[in-house]
Each structure stands twice: as structure tokens, then as C-alpha cells.
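1. structure of the sequence below:
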Amino acid sequence: QLQLVESGGGLAQPGGSLRLSCAASGFSLDYYKIGWFRQAPGKEREGVSCISSGGTTNYADSVKGRFTISRDNAKNTVYLQMNSLKTADTGVYYCAARFAAQAGCVVSSMTFWGQGTQVTVSS
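-> Modelled structure (predicted):
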């Protein structure tokens, strides 16, 4: 069964850090681009960051300089290091995969989705 499982969410104070993990099972991430997305209450799901199969990364303007996406193909896992967290970063964070040869790393183009992990930034 093809599956993505997120972990690492929780409660953090403003200015704090969290590291999210996205572990794949049933398929190898080597041939997929992986994206992190988030959805705040009452808002649409939005893209946060993507990493290609070759390691090229991109970030939403709102998280540039604070978040870092990385991948460890040996562990079949992608990470999202989140530093200098803000209350606006609160939401459910999802990872998703799309075959590397296919264009796009946006909500509408992803093939496999995880179940999400809650991130709450609050004092």
C-alpha cells in the first residue's frame, strides 16, 4: 500500500522550532518530488515548499529564510525544518508526492497525500 505519513507536529512558541518528517512506505521517494502544504482553519490549502528528486528546492515567500526542506532517500523520508515560527504558521501540514517527470508541485497536481500533522504556534 502506497502511503505517506507525517510526524513531528505539535505546539511551539513564537520564535520556536519544529521539524516535520514525511515517511513513505510502499514506494521509493527517489523518483518523486515532494511538497509540503498547509491549511489554516477557514483557509484553503497552500504550498509551503517543494523538493525535486534531484534536491532542487523552492519555498513560499512567507517561509523563505525560516523553513528548510530536505530529503534522505536512504531513509525514504523528507523533512521540513521550521525555525522562527510565527502564529501565522499554525495549521495542518501535509506532505504530498508527484512523480518527478511530471510538471508541477501545487495542491492540484499532487498524486499521493499524507494524513497531515497539526502545528500550533502560540504563546
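2. downstream of the lowest-mean-pLDDT helix or strand in the chain, the next helix or strand is which one?
-> The weakest-scoring helix or strand in the chain, judged by mean pLDDT, DSSP states H and E, is strand 112-113 (a mean of 94). Helices and strands here follow DSSP states H and E; after strand 112-113, the next one along the chain is strand 117-121.
3. mean confidence for that following strand?
-> Averaging pLDDT along strand 117-121 yields 98.
4. for it, buried residues please.
-> Buried positions in strand 117-121, judged by neighbour count with 16 or more other C-beta atoms under 10 Å: T117, V119, V121. Yep, even glycine has a C-beta here, placed from its N, CA and C like the rest.
5. now the second one: how far from A23?
-> Translated: V119. Separation of V119 from A23 (C-beta to C-beta, to the nearest Å): 17 Å.
6. and for the first one?
-> According to C-beta to C-beta, T117 and A23 sit 11 Å apart.
7. need the residues touching each of those two.
-> Both T117 and A23 are contacted by S7, under the criterion C-beta atoms under 8 Å, 6 or more residues apart in numbering.
8. tell me which of the buried residues of strand 117-121 is nearest to S84?
-> Nearest to S84 among the buried residues of strand 117-121 is V121, at 10.2 Å by C-beta to C-beta.
9. what's the closest non-adjacent residue to that closest one?
-> Excluding the flanking residues, the one nearest V121 by C-beta to C-beta, 6 or more residues apart in numbering is L85, at 4.6 Å.
10. try F37
-> Distance criterion C-beta to C-beta, 6+ apart; nearest residue to F37, sequence neighbours excluded, is Y94 at 4.8 Å.
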